[in-house]
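>>> next comes the sequence, and after it the predicted model I'd like to discuss.
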Amino acid sequence: MDIAVPKEIKNHEYRVGMTPGGVRELVRAGHRVRVQTGAGDGVGFSDEQYVAAGAGLVADVAELFAGAELIVKVKEPQPEEYRRLKPGQVLFTYLHLAPDEAQTKGLLASGCTAIAYETVTDAQGGLPLLAPMSEVAGRMAVQAGAHCLEKAQGGRGVLLGGVPGVPPARVLVLGGGVVGINAARMAMGLGADVTIFDKSLPRLTQLDAMYGPGIKTQYSTADAIEAELSCADLVIGAVLIPGASAPRLVTRDMLKKLPQGAVLVDVAIDQGGCFETSRPTTHQQPTFEVDGIVHYCVANMPGGVARTATLALTNATLPFVLALANKGWRRALNEDAHLAHGLNVHNGKIMYQAVAEAHGLVHTPLQQALAKP
Ligand SMILES: NC(=O)C1=CN([C@@H]2O[C@H](COP(=O)(O)OP(=O)(O)OC[C@H]3O[C@@H](n4cnc5c(N)ncnc54)[C@H](O)[C@@H]3O)[C@@H](O)[C@H]2O)C=CC1
Ligand SMILES: CC(=O)C(=O)O
Ligand SMILES: [Mg+2]
């Protein structure tokens, strides 16, 4: 199969969809891999390393896309990328379609087959291709939050761990999944006072068993969240309903409860965000202020630690890329129901229910795409 790895073009996005090590595995399996010149520059993978692994280099992105059967990326395609896609091509990357009407329409119009990393599932009920980036973003959320709490960043001038004689910061983590656990671990490690909210009682029980009295758990309701806001320094948004728009847990009105200079880090921004006042930001300009509250809403947080993130992501994606390349997308999805959950768009149709619901569009059952044409 002809596989293409473009250079990412989103703002300050340096990750790359495949490492030279991954290229070598695919070439050994008999595939042709073409990598855009300079694609790995930002994470320390040179063109020479890709060539040594067996890749061809292509400088012209139009040529790269035109000849590809499978395109492996990191971030959702930007307008100039989805305009290049065509029927018969498979795109394998993060998509986050629920809050992104323009991209959804662009992918539908292209006629391509788009498989989203973030909705591929595993036998344990997890999201194995979202998890590595959620680990990264959860850990970064505390670093970012600690920085934003500094006075010069607009924060209230609070040190997460406090010092002897001065209590630590209060950190609320909304959502106790992969982002939430990693954020909580980092915040606890720095000595903060951490409360984690979730709607899932089994999840809260698990967190309680894992961390004991070092962490407080709360069942997530509007009342419970509102009650905690008045003494919160940092609130991390980490909820997810797979494929769907994030539930809005903190309204603009609720911001009044927070102390001035408190910080909201909305990791869930890529699914639309869980604070009413959130809007996506970039690494270049990561924060803005609403009613005296600092908002950090970077939609590609792991891009900031692109080398760690590329290695973590490609460890998880490589087996699926190999399956798609070796078997072709239809057989690979037919033989792996978890990979099949990644199918979001095929041949001008939405194949993922939560995405169709988010846009008020028709949902086409997966089986229709998986049946032989
Ligand atoms: N901004 C960025 O760069 C990145 C964003 N993300 C995003 O972070 C979000 C969280 O991802 P994961 O932790 O991997 O998901 P996850 O599925 O592991 O965890 C989500 C948790 O939210 C809980 N939840 C759902 N509704 C809730 C509610 N109303 N109140 C409290 N908890 C609720 C679920 O029970 C679950 O435990 C996703 O939107 C993901 O796309 C992930 C990586 C990078
Ligand atoms: C998950 C995601 O959106 C990211 O890693 O950028
Ligand atoms: Mg994102």
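Sure thing, it's come through. Ligands and ions are numbered 1, 2, ... in the order given.
>>> and the chain, which residues reach ligand 2?
94, 96, 130, 133, 270, 300, 302 (C-beta under 6 Å from any ligand atom). Any C-beta I mention is one placed from the backbone N, CA and C, and that applies to glycine too.
>>> which one of those sits closest to residue 363?
Proximity of the residues of the chain next to ligand 2 to residue 363 (C-beta to C-beta) peaks at residue 96, which lies at 17.5 Å.
>>> around the residue of the stretch 1-150 of the chain found nearest ligand 2, count how many other residues there are.
Here the stretch 1-150 of the chain gets closest to ligand 2 at one residue, residue 133, 3.4 Å apart by C-beta to the nearest ligand atom. Using other C-beta atoms under 10 Å, residue 133 has 26 other residues around it.
>>> ligand 1 next: which of the residues of the chain next to ligand 2 are close?
Restricting these to those touching ligand 1 (C-beta under 6 Å from any ligand atom) yields 130, 133, 270, 300, 302.
>>> what is the burial count for the closest residue to the second one other than its chain neighbours?
Here the nearest residue to residue 133 in space, its sequence neighbours aside, is residue 302; by C-beta to C-beta, 6 or more residues apart in numbering that works out to 4.8 Å. Counted with other C-beta under 10 Å, the neighbours of residue 302 add up to 24.
>>> so residue 302, which of the three states?
helix (DSSP: H, G, I helix; E, B strand; the rest coil).
>>> also residue 231?
Residue 231 ends up coil, using three-state DSSP.
>>> enumerate every residue touching the nearest residue to it once chain neighbours are set aside.
Once flanking residues are discounted, residue 231 sits nearest to residue 170: 5.3 Å by C-beta to C-beta, 6+ apart. By C-beta atoms under 8 Å, 6 or more residues apart in numbering, residue 170 lies in contact with 192-193, 195, 228, 231-234.
>>> beta-bridge partners for residue 170, please?
Beta-bridge partners for residue 170, by DSSP bridges, are residue 193.
>>> burial measure for residue 339, as a count.
Neighbours around residue 339, by other C-beta under 10 Å: 23.
>>> by mean pLDDT, flag the weakest helix or strand of this structure.
Least confident element among the helices and strands of the chain, by mean pLDDT, DSSP states H and E: helix 366-370 (a mean of 93).
>>> where do the strands sit along the stretch 1-150 of the chain?
Using DSSP state E, counting those that start in this stretch, the strands of the stretch 1-150 of the chain run over 2-5, 32-36, 56-58, 70-72, 90-93, 113-116.
>>> deepest of those, which one?
Mean neighbours per residue, mean count of other C-beta atoms under 10 Å, is largest over the strands of the stretch 1-150 of the chain for strand 113-116, with a mean of 27.
>>> sheet partners, orientation included, of that strand?
strand 90-93 (parallel), strand 343-346 (antiparallel).
>>> what count of nearby residues applies to the closest residue to residue 313 other than its chain neighbours?
Leaving out its chain neighbours, the residue that sits closest to residue 313 by C-beta to C-beta, 6+ apart is residue 132, at 5.4 Å. Using other C-beta under 10 Å, residue 132 has 21 other residues around it.
>>> same thing with residue 269?
Quick note: residue 269 (other C-beta under 10 Å) scores 25 neighbours.
>>> so for the nearest residue to it once chain neighbours are set aside, what's the pLDDT?
Spatially, and ignoring its direct neighbours in sequence, residue 269 is nearest to residue 297 (4.4 Å; C-beta to C-beta, 6+ apart). On pLDDT, residue 297 comes in at 98.
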